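J.: Next one to model:
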Amino acid sequence: MNKREIKAALCARVAVATRTMMQDPRKARSVVQELGMKDTVAVRKRILAACDELEERWT
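T.: Model prediction:
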């Protein structure tokens, strides 16, 4: 595996893990706080959309 493949796998894996964490309200709140954003429905939707985009791009 070269550096680019490792980077792609890591990005995709983090996106999948973040999406999984967003299913649990407590973990979702911690993800939002870690990113330094307000905890709103719109922010959570944007995070999920970003996860989808990252997974598509890097897989």
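
J.: so residue 46 is in which element?
T.: In this assignment (DSSP states H and E), residue 46 forms part of helix 41-58.

J.: actually residue 26, not the one I wrote
T.: Here residue 26 sits within helix 25-34, counting by DSSP H and E.

J.: average model confidence for that helix?
T.: Averaged over helix 25-34, pLDDT sits at 96.

J.: can you pull the buried residues of it?
T.: With burial defined by 16 or more other Cβ atoms under 10 Å, the residues of helix 25-34 counted as buried are 28, 31-32. (Glycine included, C-beta is placed from N, CA and C.)

J.: repeat for stretch 4-12
T.: Of all the residues in stretch 4-12, those buried under the rule 16+ other Cβ under 10 Å are 8, 12.

J.: Return the distance of that stretch from the chain's centre.
T.: 14 Å (Cα atoms, centre = their mean, to the nearest Å).

J.: which residues are in contact with that stretch?
T.: Surrounding stretch 4-12, the residues in contact under the criterion Cβ atoms under 8 Å, 6 or more residues apart in numbering are 1, 54-55, 57-59.

J.: Only C-alpha atoms, please: export the helix holding residue 46 in PDB.
T.: As requested, C-alpha coordinates have been extracted for helix 41-58 and formatted as PDB (Å, rounded to 0.1, in the frame of the first residue of the first chain):
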ATOM      1  CA  VAL A  41     -30.300  19.400  13.400                       C
ATOM      2  CA  ALA A  42     -28.800  21.400  10.500                       C
ATOM      3  CA  VAL A  43     -25.300  20.900  11.700                       C
ATOM      4  CA  ARG A  44     -25.800  17.200  12.200                       C
ATOM      5  CA  LYS A  45     -27.200  16.900   8.700                       C
ATOM      6  CA  ARG A  46     -24.200  18.700   7.300                       C
ATOM      7  CA  ILE A  47     -21.800  16.400   9.200                       C
ATOM      8  CA  LEU A  48     -23.600  13.400   7.800                       C
ATOM      9  CA  ALA A  49     -23.500  14.900   4.300                       C
ATOM     10  CA  ALA A  50     -19.800  15.500   4.600                       C
ATOM     11  CA  CYS A  51     -19.300  11.900   5.800                       C
ATOM     12  CA  ASP A  52     -21.100  10.600   2.700                       C
ATOM     13  CA  GLU A  53     -19.100  12.900   0.400                       C
ATOM     14  CA  LEU A  54     -15.800  11.800   2.000                       C
ATOM     15  CA  GLU A  55     -16.700   8.100   1.700                       C
ATOM     16  CA  GLU A  56     -17.700   8.500  -2.000                       C
ATOM     17  CA  ARG A  57     -14.500  10.400  -2.800                       C
ATOM     18  CA  TRP A  58     -12.100   8.100  -1.100                       C
END
